[in-house]
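Trainee: structure here, sequence nowhere to be found:
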């Protein structure tokens with residue numbers, strides 16, 4: 001199977017898996033938001049943010065390192081799996097103890113929910129670990145099977161628990177149960193179809209893995225700080241109700257961001273392999289992926305901006321009116337993340353992960369500082385603006401670094417035509433259909449793609465090649 005086919009197949013399977021994961025999660029969170037109310041929903045989202053914030057200690061960059069190294073040395077999979085499994089168990093126990101201790105020390109609420117979710121993260125960490133192996137071995141269909149099992153259990157039982165009135169504790173317990181089931185399923189799939197599990201301990205190998213993962217660890221720790229710390233600071237300054245408004249809008253953005261995340265995960269093993277064997281092919285894949293991400297992300301952000309109010313009211317109800325303006329700010333993060341993930345993945349593949357670590361560290365420091373200043377004055381609007389600025393900073397540094405030091409591709413020039421095409425279309429049609437947001441959106445997107453074709457941002461040969469690859473993939477399967 002060709003490189004293109006491998007990427008498309010892996011991306012399609014991962015996209016389906018992540019779509020099920022995030023869409024099912026959105027359905028559960030939407031129902032929870034309506035039934036629990038803004039304050040209790042905010043309390044639950046604060047608990048999940050706190051657990052996610054501390055949970056990073058179960059990873060320390062090992063998963064990213066694992067994908068890259070196994071992709072290059074598939075024959076060593078059993079050695080990597082057995083030793084990293086031991087590391088993961090130890091880190092998960094430490095993480096759980098840390099979460100519970102901090103919550104008791106600072107009197108965080110709801111405590112019982114935090115404790116249950118902290119225990120569930122042990123199993124979630126192991127599932128994510130197995131998924132990383134599936135991705136590295138390009139057998140992501142097994143991640144799909146595990147995800148389907150988990151989300152079927154979570155969705156069905158969560159609906160029952162919420163309608164029965166078991167509240168936050170019942171909902172957290174469902175998350176624990178579903179993650180245990182998902183872990184069991186992933187272990188069976190790993191042992192039966194990917195690599196026979198062999199248990200042995202190599203302390204020298206473990207020390208080497210930990211040492212190599214440190215640059216990844218800094219990236220992930222700082223990334224978690226600027227992705228999760230906002231909700232924690234918002235809860236501290238404004239209370240759980242503000243978190244509810246903010247997270248309602250953010251959940252919609254997170255669901256859409258599954259697409260670039262999936263593409264990046266699919267491309268990383270291939271890029272890592274090509275870095276070792278063919279730099280020209282590596283740069284070609286980087287260029288095409290980067291261009292596609294720009295073109296598809298811009299209309300998505302415009303769509304969310306234009307339809308923010310009807311989407312929020314439809315999904316979450318009238319009580320979440322304050323989430324509308326938040327969504328109109330956060331929707332532009334989609335463009336930033338779509339554009340930034342491919343350069344970030346490229347840096348990881350070529351052993352420049354330290355640049356990612358330094359970049360995210362700078363963004364995290366700026367994000368925390370801005371949140372401390374803006375949240376007390378502007379509340380959920382302040383935290384939304386901070387989130388947008390920090391994402392813009394990350395993607396800007398990635399692009400400038402690659403542009404100046406590594407690639408001959410003009411990354412900045414590629415951005416200009418899609419952005420101008422979208423702005424021209426939006427400004428023109430929004431003046432004609434001021435009272436009808438749906439007409440404005442449809443015509444803006446139509447005008448956007450028409451201008452892209454006119455300016456030859458999308459050429460006929462690229463379109464033909466794309467659909468030819470899809471047909472060949474279907475034929476091979």
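Mentor: Looks like it came in fine. It should be emphasised that the depicted structure is a prediction, and the values quoted were computed from it without experimental measurement. Numbers count the residues shown, from 1 in each chain.

Trainee: in three-state terms, label residue 23 for me.
Mentor: Secondary structure, DSSP: H, G, I helix; E, B strand; the rest coil: residue 23 is helix.

Trainee: what's near enough to touch it?
Mentor: Contact analysis of residue 23 by Cβ atoms under 8 Å, 6 or more residues apart in numbering lists residue 255. Where you see a C-beta, it was placed from the backbone N, CA and C, and this is true even at glycine.

Trainee: now residue 177
Mentor: Residue 177 sits in contact with 153, 157, where contact means Cβ under 8 Å, 6+ apart.

Trainee: check which residues of the helix or strand it falls within are buried.
Mentor: For residue 177, the host element (DSSP states H and E) is helix 167-189. Across helix 167-189, burial judged by 16 or more other Cβ atoms under 10 Å covers 167-168, 170-176, 178-183, 185-187, 189.

Trainee: helices of the stretch 251-400 of the chain, start to end?
Mentor: Secondary structure of the stretch 251-400 of the chain (DSSP state H, counting those that start in this stretch): helices located at 258-277, 279-306, 308-316, 323-330, 333-349, 353-378, 380-405.

Trainee: those into a markdown table, with extra columns for distance to residue 129 and mean pLDDT?
Mentor: Converted to a markdown table, those look like this (distance: least, Cβ to Cβ, whole Å; pLDDT from 0 to 100):
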| stretch | distance to residue 129 | mean pLDDT |
| --- | --- | --- |
| helix 258-277 | 14 | 76 |
| helix 279-306 | 26 | 83 |
| helix 308-316 | 32 | 91 |
| helix 323-330 | 30 | 95 |
| helix 333-349 | 18 | 88 |
| helix 353-378 | 19 | 89 |
| helix 380-405 | 25 | 91 |
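
Trainee: give me the buried positions along stretch 232-248.
Mentor: Going by neighbour count (16+ other Cβ under 10 Å), the buried part of stretch 232-248 is 232-235, 237-238, 240-248.

Trainee: likewise stretch 331-349?
Mentor: Those would be 331-349, for stretch 331-349 by 16+ other Cβ under 10 Å.

Trainee: can you name the residues that contact the closest residue in space to residue 168 that isn't next to it in sequence?
Mentor: Once flanking residues are discounted, residue 168 sits nearest to residue 113: 4.8 Å by Cβ to Cβ, 6 or more residues apart in numbering. By Cβ under 8 Å, 6+ apart, the contact set of residue 113 is 43, 44, 47, 168, 169, 171, 172.

Trainee: hmm, 10 Å instead?
Mentor: 40, 43-44, 46-48, 50-51, 103, 167-173, 175 (Cβ atoms under 10 Å, 6 or more residues apart in numbering).

Trainee: swap in residue 40?
Mentor: Listed by Cβ under 10 Å, 6+ apart, the contact set of residue 40 reads 32, 33, 110, 113, 167, 168, 171, 240, 241, 244.

Trainee: just for this protein, where's the confidence low?
Mentor: By pLDDT under 70, the low-scoring segments of the chain are 1-15, 17-18, 57-60, 215-216, 218-220, 223, 226, 406-409, 430-436, 458-477.

Trainee: if we can go back for a sec, including distance to residue 284, could the contacts of residue 40 go into TSV?
Mentor: Putting these into TSV (distance: Cβ to Cβ, whole Å) gives the following:
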residue	distance to residue 284
32	45
33	44
110	51
113	48
167	53
168	50
171	46
240	49
241	50
244	45
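
Trainee: tell me the two of these that are most distant?
Mentor: Comparing every pair within those by Cβ to Cβ identifies 171 and 241 as the most remote, at 17.9 Å.

Trainee: circling back: secondary structure element for the residue nearest to residue 168?
Mentor: Residue 113 belongs to helix 111-136, assigned by DSSP H and E.

Trainee: returning to that earlier point: and the helices of the stretch 251-400 of the chain, which is most packed in?
Mentor: Mean neighbour count (mean count of other Cβ atoms under 10 Å) peaks for helix 333-349 among these, with a mean of 25.

Trainee: that one versus helix 353-378: what angle between them?
Mentor: Orientation check (axes from the mean of the first three to the mean of the last three Cα atoms, to 10 degrees): helix 333-349 against helix 353-378 gives 160 degrees.

Trainee: for helix 333-349, packing partners?
Mentor: Using 3 or more Cβ pairs under 10 Å, 6 or more residues apart in numbering; DSSP states H and E, the elements in contact with helix 333-349 are helix 62-72, helix 203-238, helix 240-256, helix 258-277, helix 279-306, helix 353-378, helix 380-405, helix 411-432.
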